[in-house]
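In: Got a predicted structure here, sequence first:
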Amino acid sequence: MKRLLTVLATGAALAAVNLPTAVAEPSYGSVPAVPGCSAPAVRAPAGTKAESVTAVRREGGTIHGTGLLGGTVEGVPAFCEVTVTLTHPGDDDHARILTWLPVSGWNGRFQALGGSAFAAGDNGVGLGTAVRNGYAATTTDGGLADVVDVGWALNAEGEVNTALLKNLASRSQHEAAVVGKQVVAAHFGERAAYSYFNGCSTGGRQGYMEAQRYPDDFDGILANAPAVSWDAFEVATLWPQVVMNNERTYPSACAFKAFTDAAVAACDPLDGATDNLVNDASRCDFDPRRLIGTTVVCDGKELTVTAADAAVVRKIWDGPRTASGRKLWPGVPVGADLSGLAGTTTDTNGQVKGAPFPVPQLWAATWLEKQPSFDVSTITYDGFTRLFEQSRAEYGGVIGSDDPDLSAFRDSGGKLLTWHGQADQFIPTQGTVEYRRQVERKMGGTRRVDDFYRLFLPPGAGHCGLNKGVGTIDDLAALTAWVERGEAPRTLPATLVDAAGRSVDRDVCRYPEVSRYRGHGDPAAASGFRCVLPSRH
C-alpha cells in the first residue's frame, strides 16, 4: 500500500478505467511447463464453475509488482505457477486465482495474500516474498482491476454491480483459499500442514471477514491496519475534506505538520520519556488552539497560524459528528500525517482546493451517489451525515466485516493477530480498537479474547508502514509461533521510526497495555520500557 499512498499524496491524476479482461501479470522469467509443473484437476467451489486451469514454470529472480503499487522483491527461487479462472454462473465474472509453488524448499505451509484499496489481491510482490520464504502462496484478482480502477463498479444501467462487489467483499478470498489448498495438495501430494492469511488495509479487512464468515479457512490470520467497518470508515475518512470545504479554510501540509509536531511534543513525555513517540495517542488531549498566533515557516515563507486553522485541525482530530454533535466515527489520530486525508492542491488561478484521497472519494461518488463524476467538495455537513447513514444501511451487511461474534473462529482453533499503527493517516486506529472492544463485550472480556485474538498498537507507525519501508516488525513469525507452538505473543519486537526520523527499538505491547519508560536505560532501546495498563484520567 505504501507506494499507492505516496503516489496519491503527490496529487497524481488517477482516473477510473474500464475493467480489463485480466489484471496484468507480474514480470518474471518463464519457460514452458515441465514435468512436475502441470495443471491439476480442480474441483470448483460451491456456486462457481472453473473456466480454465493452466500451469507454467517460472524462473523467479526479481519480481516486479504490477499496477500502481509496483514494488520489487529479489531473490525469488523458481516456482510453478498455477492459474485457475472461476466464474459464478449468471454473474458474468471471471476471477483469476494464482498459486505459486516453490520448485524446492517448500516449508509445508500455505499463505493467502490479501489486496489493497479496490484490488482484491496481491500484485506479485507479496507472492514473491512468500515463495522466497518457502511458502506455497495464493491470491485472487476477484475479477476486478487495479487498486483505484473502479470501472467495474456500476453496470451499463448505472446500478451497482453487486456480483463484483460481493467478490471484493468476501467470496473471492474464500474461494481462493479453497482452490489454493487443492492446488497445493495436488502438486506436492500432501496437504499444507498449516494455512495462513496475510493482509493489510483492504487485506486486513479481508482477514477479518474470513474469521467472521469462513472460520475454517485458516489456522492463523495476520490482518494489519484492517479496514473493518468499511461501510462507515470510508465515508468517515472524507471528513477532513468536508471540514475544510465547509469552513473554507485549507491549511498547507506545512501548517498541518506544525500542529502534529506540537501535539507530539506535548504528549511525548506522558510515557515517562522524551523519545519523539506518543505511546498512547488516544489519550493525547493537546488543544490545537494553543498554536494560534504562532509563526511557522513554509516553503521559505512565514505564516501565522489562525483560529480558523486551529478549528479545522480540532474537527479533524475529533472526527465526524452530526449537526447535533453525535459522534459518528473516530478522527485522524494525533501524530498522524494530516495531509493524507486533508490534502490540498492549487489550481492555475492560485486557488487552493481540497485534494481528497481517492479511495473514499471513489466510494462516495461511485457506490453512494452512483455518479463517478460527483464532486465531493459539494458535500455539506448535513450531506455528509446522509451519506454516512446511507453507506451503513446499504453496504454494512455486504462489506462491513465488523461482526463481533468470533466464536466459530475461536472454536476452530484459529488465531487472529493484528497490529495497527497509532499514526495511521488513512484508517483511524480507534476504529480497530472499538471493534476489539465489541468482541470483548460479546465474548467474555479481555483475557478470553486474548486466547485467540491479539491486537498491537505500535506508536508512531503510519498506514501499513512496518515491513513496507518505514520500520520493521516480524509479525508473521509471531503468528506462526502462536499457531504451531502455542506461544502467544506478549509483545511484538519492532524497529520504529520516531518523529525525528530516527530508528528506535520497541517491544510493542498487546492491547490494552501501553508502553512506559522504566526511568533508566536508553530511551531508544526496548529494554528501557515495560508494558502496563493505561492510567485512568
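Out: Thanks, I have the structure now.
In: any idea how far the residue lying closest to Gly528 once chain neighbours are set aside is from Ser527?
Out: Among residues not flanking Gly528 along the chain, Gly521 sits closest, at 3.6 Å (C-beta to C-beta, 6 or more residues apart in numbering). No exception for glycine: its C-beta is placed from N, CA and C like everyone else's. From Gly521 across to Ser527, the span is 6 Å (C-beta to C-beta, to the nearest Å).
In: In the stretch 1-150 of the chain, where is pLDDT below threshold?
Out: 1-35 (pLDDT under 70).
In: Just to check, the residue nearest to Gly528 is in contact with Asp275?
Out: No. Applying C-beta atoms under 8 Å as the test, Gly521 and Asp275 come out as separate, 11.4 Å apart.
In: Counting neighbours, go ahead and name the busier of the two.
Out: In this view Gly521 and Asp275 are compared by other C-beta atoms under 10 Å, and Asp275 has more residues nearby, 26 against 13.
In: tell me which element the more buried one is part of?
Out: Using DSSP states H and E, Asp275 falls within no helix or strand.
In: Which residues are in contact with it?
Out: Taking C-beta atoms under 8 Å, 6 or more residues apart in numbering, we find Asp275 in contact with 268, 498, 504, 517, 523-524.
In: at 10 Å instead, please
Out: 268-269, 459-460, 496, 498-500, 502, 504, 506, 515, 517, 522-524, 528-529 (C-beta atoms under 10 Å, 6 or more residues apart in numbering).
In: Generate a ChimeraX selection restricted to the buried subset of those.
Out: In ChimeraX, this line selects whichever of the contacts of Asp275 come out buried by 16 or more other C-beta atoms under 10 Å:
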select :268,459,460,496,498,499,504,506,515,517,523,524,528,529
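In: gap between the helix or strand Arg437 falls within and the chain center?
Out: For Arg437, the element it lies in under DSSP H and E is helix 429-443. How far helix 429-443 lies from its chain's middle: 17 Å, per C-alpha atoms, centre = their mean, to the nearest Å.
In: and it, what does it pack onto?
Out: Here helix 429-443 touches helix 202-213, helix 230-236, helix 407-411, strand 415-419, helix 446-450, strand 453-456, going by 3 or more C-beta pairs under 10 Å, 6 or more residues apart in numbering; DSSP states H and E.
In: and the angle for that helix with helix 202-213?
Out: Relative orientation of helix 429-443 and helix 202-213, computed by axes from the mean of the first three to the mean of the last three C-alpha atoms, to 10 degrees: 10 degrees.
In: Pull the number of nearby residues for Asp382.
Out: Neighbours of Asp382 (other C-beta under 10 Å): 10.
In: List the residues that contact the closest residue to it other than its chain neighbours.
Out: Of all residues not flanking Asp382 in the chain, Ala323 sits nearest, at 6.0 Å (C-beta to C-beta, 6+ apart). Each residue near Ala323 by C-beta under 10 Å, 6+ apart is listed here: 380-382, 384-385.
In: What about those residues, which are in helices?
Out: With helices taken from DSSP state H, the overlap with the contacts of Ala323 comprises 381-382, 384-385.
In: Got a ChimeraX select line for the buried ones in the residues you listed?
Out: A single ChimeraX command suffices to select whichever of the ones in helices among the contacts of Ala323 are buried according to 16+ other C-beta under 10 Å:
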select :381,384,385
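In: Tabulate the ones in helices among the contacts of Ala323 in TSV, adding columns for pLDDT and distance to Asp451.
Out: Listed next are the ones in helices among the contacts of Ala323 as TSV, based on pLDDT from 0 to 100; distance: C-beta to C-beta, whole Å:
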residue	pLDDT	distance to Asp451
Tyr381	98	43
Asp382	97	45
Phe384	98	40
Thr385	98	39
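In: For the strand or helix carrying Ala478, which residues meet the burial criterion?
Out: Per DSSP H and E, Ala478 falls inside helix 475-485. Using 16+ other C-beta under 10 Å as the test for burial, helix 475-485 gives 475-476, 478-480, 482-483.
In: and if you look at stretch 178-197?
Out: Across stretch 178-197, burial judged by 16+ other C-beta under 10 Å covers 178-184, 186-187, 192, 194-197.
In: for the stretch 301-450 of the chain, what are the low-confidence residue spans?
Out: Checking the stretch 301-450 of the chain against pLDDT under 70 turns up nothing.
In: circling back: so which elements touch the helix holding Ala478?
Out: Secondary-structure packing of helix 475-485 (3+ C-beta pairs under 10 Å, 6+ apart): strand 109-113, strand 194-200, strand 220-224, strand 415-419, strand 453-456, strand 491-497.
In: so who does Val131 touch?
Out: If you count contacts by C-beta under 10 Å, 6+ apart, then Val131 has 58, 60, 63, 73, 76-81, 100-103, 105-106, 111, 137 around it.
In: Then Gln182?
Out: Gln182 sits next to 40-45, 82, 84, 99, 191 when contact means C-beta under 10 Å, 6+ apart.
In: try Ser412
Out: 211, 214-219, 406, 452.
In: for Gly519, same thing?
Out: Here Gly519 is in contact with 272-273, 528 (criterion: C-beta under 10 Å, 6+ apart).
In: Need those residues in a markdown table (columns: pLDDT and distance to Asn155).
Out: Output for the contacts of Gly519, formatted as a markdown table (pLDDT from 0 to 100; distance: C-beta to C-beta, whole Å):
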| residue | pLDDT | distance to Asn155 |
| --- | --- | --- |
| Gly272 | 92 | 58 |
| Ala273 | 90 | 56 |
| Gly528 | 92 | 58 |
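In: quick one: which of those residues is nearest to Ile427?
Out: Minimum distance to Ile427 across those is 27.5 Å, recorded for Ala273 (C-beta to C-beta).
In: Confirm for me that that closest one is in contact with Arg530.
Out: No. Counting by C-beta atoms under 10 Å, Ala273 does not reach Arg530; the two are 11.6 Å apart.
In: Give the residues shared as contacts by the two.
Out: 515-518.
In: Can you report how many residues lie near Glu59?
Out: Other residues close to Glu59 by other C-beta under 10 Å number 13.
In: any idea how far it lies from Phe357?
Out: For Glu59, the distance to Phe357 - C-beta to C-beta - is 38 Å.
In: same thing with Asp268?
Out: Distance from Asp268 to Phe357, by C-beta to C-beta: 27 Å.
In: Then Gly300?
Out: For Gly300 relative to Phe357 (C-beta to C-beta), the value is 27 Å.
In: which of these two has more neighbours?
Out: Neighbours were counted for Gly300 and for Phe357 using other C-beta under 10 Å; Phe357 has more, 23 against 5.
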